[in-house]
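>>> Fold the following and give me the result.
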Amino acid sequence: LNAGNWVVYKTVLGLESETVSSFALQMFVIVAVASVLFIAIELWRTRVIKLRLRSILSGIVVLLAAALVIVGVKEVLSRFDPATIGKTLQLLVAAAGALVIVIALADIVRTNRRNHAPTVRWYAYLIPIVPLVLILVYELSFVAAFMIGLAYGILVTYRRGVINLTSRALIEGSASVVPAVVLMIGIGMLLSAILGPTKIGPGKYWHDAQAAANVAVEWPVLADMKPMLETIVPGSLVAYVLTFTLLAPFALYRGPLNVWGLGYGVGGILLATGVPAGAVMGVLMSLGTIQGASDPTNTANVWIANEVRMDVTTLMWRTLPYAWVAAIVGLVVAGVQFF
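Alright, predicted model coming up:
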């Protein structure tokens, strides 16, 4: 649910926000189920818990009940006007947000009056969700949503010196994301080199020249790469799932199917060779599960490995089977919807 990456899917693949967010939420459910299975099996394997047949059956019943509830709610909501549902949801979220802010302000006043040490309240755990809710429910721009999320975070974790703390966090955070920013610039340059100039901006002159000459010439780099890729591009749903299931390990170690490697470049090439935009998104987002959960070069995975005092490669082998299965399920869902 990294909303920041959705911008790239929209700009590079030309997808609508609703399409991207809908598939992202489906992947969230798939990964959540895989995560619960991973935790349960790992706890059982290390003998922290004992899995009995009754417990397993109870878990299956709960999952089936949750699925039935979701299907039922979706069926009921489908009978109402989507615009009415959207407005109602916006009002409910606004009311809940206002209530949380009032509670947070009351806690701040109470803490300052009694000179108590500030504590982490339950609503502080909503900080990562706030930008996502603003984007999905109110369709705010990503920058505005993250700025509001930052303001909410400052409010609900308020303490003396919060401004200085925020300033230091912004400076340190900016320094830590510089490599990622440089990488994204490089990916943009790669996409421009492969796909050619756009019809707006500095590259407009090339298209104007083609139009003036009344000829349609394909960008030379793309024209040279197409024949090679067309031989391996899947032409059916089964081929699509099998091909990218076998290529899934290339999402590790900043490989060609890693969105923080050459993933977007490869996605742009697949799009140019005739693969539907939604199917390309399905590949990148599904295999992104492997990158997020198992890639040893992922900073978050390095932090986790250090925290639990485990080698990051061992962490990769522990999580890879579950991430791979989640990626396969995501590919099947994407193939059914888009291919």
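
>>> what about residue 27, which helix or strand?
Following DSSP states H and E, one finds residue 27 within helix 17-45.

>>> elements contacting that helix?
Where contact means 3 or more CB pairs under 8 Å, 6 or more residues apart in numbering; DSSP states H and E, helix 17-45 is packed against helix 3-13, helix 277-294, helix 312-338. C-beta: built from backbone N, CA, C; applies to glycine.

>>> where's it relative to the chain centroid, distance-wise?
11 Å (CA atoms, centre = their mean, to the nearest Å).

>>> okay, the angle between that helix and helix 312-338?
Interaxial angle, helix 17-45 versus helix 312-338 (axes from the mean of the first three to the mean of the last three CA atoms, to 10 degrees): 140 degrees.

>>> Looking at helix 17-45 now, give me its mean pLDDT.
The average of the pLDDT scores along helix 17-45 is 84.

>>> Over to stretch 292-300?
Averaged across stretch 292-300, pLDDT comes to 81.

>>> pretty sure residue 222 is touching residue 193, no?
No. Counting by CB atoms under 8 Å, residue 222 sits too far from residue 193 to count as a contact (9.6 Å).

>>> neighbour-wise, which of those two wins?
Set side by side, residue 222 and residue 193 show more neighbours around residue 222, with 17 against 12, by other CB atoms under 10 Å.

>>> Contacts only, for the more buried one.
194, 195, 196, 269, 272 (CB atoms under 8 Å, 6 or more residues apart in numbering).

>>> Which residue is the nearest non-sequential neighbour of the last one?
In space, and not counting its chain neighbours, residue 272 is closest to residue 222: 5.5 Å by CB to CB, 6 or more residues apart in numbering.

>>> Then the second one?
Here the nearest residue to residue 195 in space, its sequence neighbours aside, is residue 268; by CB to CB, 6+ apart that works out to 5.2 Å.

>>> ok, how many other residues are close to the one you found?
Other residues within reach of residue 268 by the criterion other CB under 10 Å amount to 21.

>>> That one: which element?
helix 263-272.

>>> I'd say residue 229 and residue 270 touch.
Yes. Using CB under 8 Å, residue 229 is in contact with residue 270, at 7.3 Å.

>>> Who has more neighbours out of the two?
residue 270 (22 against 16).

>>> Touching, the more buried one and residue 281? I think so.
No. At 10.3 Å, residue 270 does not count as touching residue 281 under the criterion of CB under 8 Å.
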